[in-house]
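**Q** How does the following fold in three dimensions:
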Amino acid sequence: MKFTASRLSEANKLFPSEIHIEPNGLIVKIPGFFSGQSRHLDYQNIGEVSVDSPLVGYSTITFFTAGTKVSAHGFTSSEVKQIKASIEKGKIGFATGANTRIIEPQRTGDQIIAEAEAEKIEYELERKKKFDNSLKPWLNDSNFKSKSSINTISFPNNVEDIEKTLEKIIKSGVEKIKSVLEDYEMGIGAVQVGDKSFLNPYHEEFGFVEACFERAQEGIKKLKRKDDSEHPKLRAVINDIEDAFTDLKDKWFSKLIEKREKKKKKNLIVVGVMFLIVIAFFSWASIR
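**A** As a prediction, the model looks like this:
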């Protein structure tokens with residue numbers, strides 16, 4: 001459950017405070033223009049909860065824990081009551097769980113043997129899966145989902161399987177770039193300045209495509225070490241793969257670079273606009 005402070009309240013105009021209720025505790029976020037504060041409070045560590053609810057205006061809730069206090073302002077009186085009730089409920093649940101001991105039933109000999117057999121079967125299936133994956137990695141889509149999975153791909157020895165694996169790697173790189181090119185540009189209100197990708201947009205996508213480059217080059221080298229006797233059309237296969245790799249590198253990757261540079265410029269403009277808004281706001285506040 002998430003509670004967000006009203007933008008009409010003090011200190012919440014641009015970046016409203018947030019309180020997230022979780023199973024083991026709550027997270028209090030007090031954002032800032034370039035940085036903010038985020039604090040996780042376990043239910044069992046919260047000693048006291050203080051609520052200041054004026055007749056007119058927004059409420060402030062304060063959590064006392066381990067000799068310190070964390071305050072958040074800008075919530076309605078009903079919201080702070082809900083937050084406080086959630087904490088009490090969480091503390092009761094923690095205490096109940098801490099004092100409750102689950103007694104597991106004793107297993108019979110047949111059950112132990114059956115579990116051992118099931119573990120053995122599961123192990124054999126997993127080993128077969130890994131073996132099949134090393135022979136035909138192109139059949140497993142999970143090999144092409146992330147930078148780390150791309151980096152762990154090992155090329156088989158069969159020419160056709162190397163070819164199909166390379167085709168899947170190159171295709172994955174192209175599809176990743178296409179997803180970036182189709183990326184919807186958010187408005188200023190949806191921008192998160194503290195996001196690590198704000199000044200370095202699409203860094204994860206860049207890492208994925210670069211991993212595709214490295215693995216594809218390794219696969220092409222392995223193909224070139226093959227003898228013509230291993231495949232009747234080995235030279236044609238190599239030429240086709242190199243053409244696809246060149247297309248990824250020269251055509252699609254250049255579009256990704258162009259997209260990132262445009263995104264960087266837009267983000268810098270957003271920073272400038274937000275900075276001017278803050279200056280204007282404080283100037284207006286000082287005049288009042």
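**Q** Could you point out the helix or strand that follows the helix or strand of the chain with the lowest mean pLDDT?
**A** Taking mean pLDDT, DSSP states H and E as the measure, the helix or strand of the chain with the lowest value is helix 109-135, at a mean of 77. Sequence order places helix 147-151 as the next helix or strand after helix 109-135, per DSSP states H and E.
**Q** In that next one, which residues are buried?
**A** Going by neighbour count (16 or more other CB atoms under 10 Å), the buried part of helix 147-151 is 147, 149-150. From N, CA and C alone the C-beta is placed, and that goes for glycine too.
**Q** Among those residues, find me the one that's closest to residue 56.
**A** Closest approach between the buried residues of helix 147-151 and residue 56, by CB to CB: residue 147, at 53.6 Å.
**Q** wait, doesn't that closest one sit right on residue 211?
**A** Yes. Assessed by CB atoms under 8 Å, residue 147 is found in contact with residue 211 at 4.5 Å.
**Q** any low-confidence regions in this protein?
**A** Applying pLDDT under 70 to the chain flags the ranges 32-36, 94-105, 129-133, 184-198, 288.
**Q** mind listing the strands in it by residue range?
**A** 2-4, 18-21, 25-30, 37-42, 46-52, 59-65, 68-75 (DSSP state E).
**Q** Give the partner strands of the last one in its sheet and their orientations.
**A** The strands that strand 68-75 pairs with in its sheet are strand 59-65 (antiparallel) (by DSSP bridges).
**Q** what's around residue 49, how many residues?
**A** Neighbour count for residue 49, taken as other CB atoms under 10 Å: 16.
**Q** What's the separation between the residue lying closest to it once chain neighbours are set aside and residue 40?
**A** Counting by CB to CB, 6 or more residues apart in numbering, the nearest residue to residue 49 once its immediate chain neighbours are dropped is residue 84, at 5.1 Å. Distance of residue 84 to residue 40, given as CB to CB, to the nearest Å: 18 Å.
**Q** Which one's more surrounded, these two?
**A** residue 84 (15 against 12).
**Q** ok, now which ones touch the more buried one?
**A** Counting by CB atoms under 8 Å, 6 or more residues apart in numbering, residue 84 makes contact with 49, 51, 61.
**Q** quick one: the last one from residue 9, how far?
**A** When CB to CB is the yardstick, residue 61 and residue 9 sit 12 Å from each other.
**Q** more neighbours, the two?
**A** Comparing residue 61 with residue 9 by other CB under 10 Å, the one with more neighbours is residue 61, at 25 against 18.
**Q** Residues in a beta bridge with that one, which ones?
**A** residue 51, residue 72.
**Q** Double-check it against residue 77; I have them as touching.
**A** No. Using CB under 8 Å, residue 61 is not in contact with residue 77, being 10.1 Å away.
**Q** could you pull out the helices for the stretch 101-250 of the chain?
**A** 109-135, 147-151, 159-181, 203-224, 234-246 (DSSP state H, counting those that start in this stretch).
**Q** Check which residues of the last one are buried.
**A** Meaning helix 234-246. Buried, per 16+ other CB under 10 Å, within helix 234-246: 234, 237-238, 241, 244-245.
**Q** List of residues touching that helix?
**A** 159, 163, 166-167, 170, 216-217, 219-220, 223-224, 226-228, 231.
**Q** Would you mind giving the domain segments of this structure?
**A** 2-99, 141-287 (automatic domain parsing).
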